[in-house]
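Enquirer: No sequence on hand, only this structure:
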């Protein structure tokens with residue numbers, strides 16, 4: 001059987017197309033950096049949702065794993081849109097943010113407030129910035145960590161609802 005001249009190119013082209021599709025899917029969601037906690041808190045209050053803030057830094061491979069393997073898939077699934085608002089703070093940036101009360105604060109001030117010196121650290125806060133679930137420091141056991149995040153989100157939601165009922 002005689003093959004066309006372009007036949008040897010088919011497999012590499014298919015592999016390249018597959019890689020392009022994977023890269024496109026990987027970048028379809030973004031974990032936005034926090035800039036205005038006061039506005040974010042207002043959004044959270046309107047929806048009665050907790051806020052998950054990931055403290056990260058630039059050269060942190062575990063932060064990349066947290067984003068790519070856990071947080072981005074959560075956003076991509078759509079299942080968390082009515083459960084939690086997800087943002088991040090880069091502790092090595094010299095950003096000035098608007099705090100929950102409207103004051104201007106440095107990113108490292110938030111790091112100290114929430115004791116998030118190890119990256120990644122996930123905190124779960126109310127619309128006013130109060131912690132409503134135990135923080136998650138580092139990345140836990142691979143097979144169980146997604147469940148740990150879900151448990152913390154559910155705990156935060158329960159706490160917010162119990163506060164709302166009072």
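Expert: Arrived safely, thanks for sending. Remember, predicted model here, so these are calculated numbers, not experimental data.
Enquirer: CA atoms for contacts and neighbours, from now on please.
Expert: Fine.
Enquirer: Help me confirm that residue 106 comes into contact with residue 96.
Expert: Yes. If you go by Cα atoms under 8 Å, residue 106 and residue 96 touch, sitting 4.4 Å apart.
Enquirer: So, low pLDDT: which residues of the protein?
Expert: Along the chain, segments meeting pLDDT under 70 span 1-27, 164-166.
Enquirer: where exactly do the helices run in this protein?
Expert: Assigned by DSSP state H, the helices in the chain fall at 7-26, 37-47, 61-65, 72-77, 107-113, 145-165.
Enquirer: Buried residues, stretch 79-88. List them.
Expert: Neighbour-count burial for stretch 79-88 flags 80, 83, 84, 85, 86, 87, 88 (criterion: 16 or more other Cα atoms under 10 Å).
Enquirer: from memory the second one sits against residue 49, does it?
Expert: Spelled out, it's residue 83. Yes. Between residue 83 and residue 49 there is a contact at 6.1 Å, judged by Cα under 8 Å.
Enquirer: Now for the two: what residues contact both?
Expert: Common neighbours of residue 83 and residue 49, using Cα atoms under 8 Å, 6 or more residues apart in numbering, are residue 157.
Enquirer: residue contacts, the residue lying closest to residue 31 once chain neighbours are set aside?
Expert: The shortest distance from residue 31 to any non-neighbouring residue, by Cα to Cα, 6 or more residues apart in numbering, is to residue 87 (5.6 Å). For residue 87, the contacting residues are 31, 32, 33, 34, 51, 52, 53, 54, by Cα under 8 Å, 6+ apart.
Enquirer: didn't the fifth one look like it was pressed against residue 130?
Expert: No. Checked against Cα under 8 Å, the pair residue 51 and residue 130 is beyond contact range at 10.0 Å.
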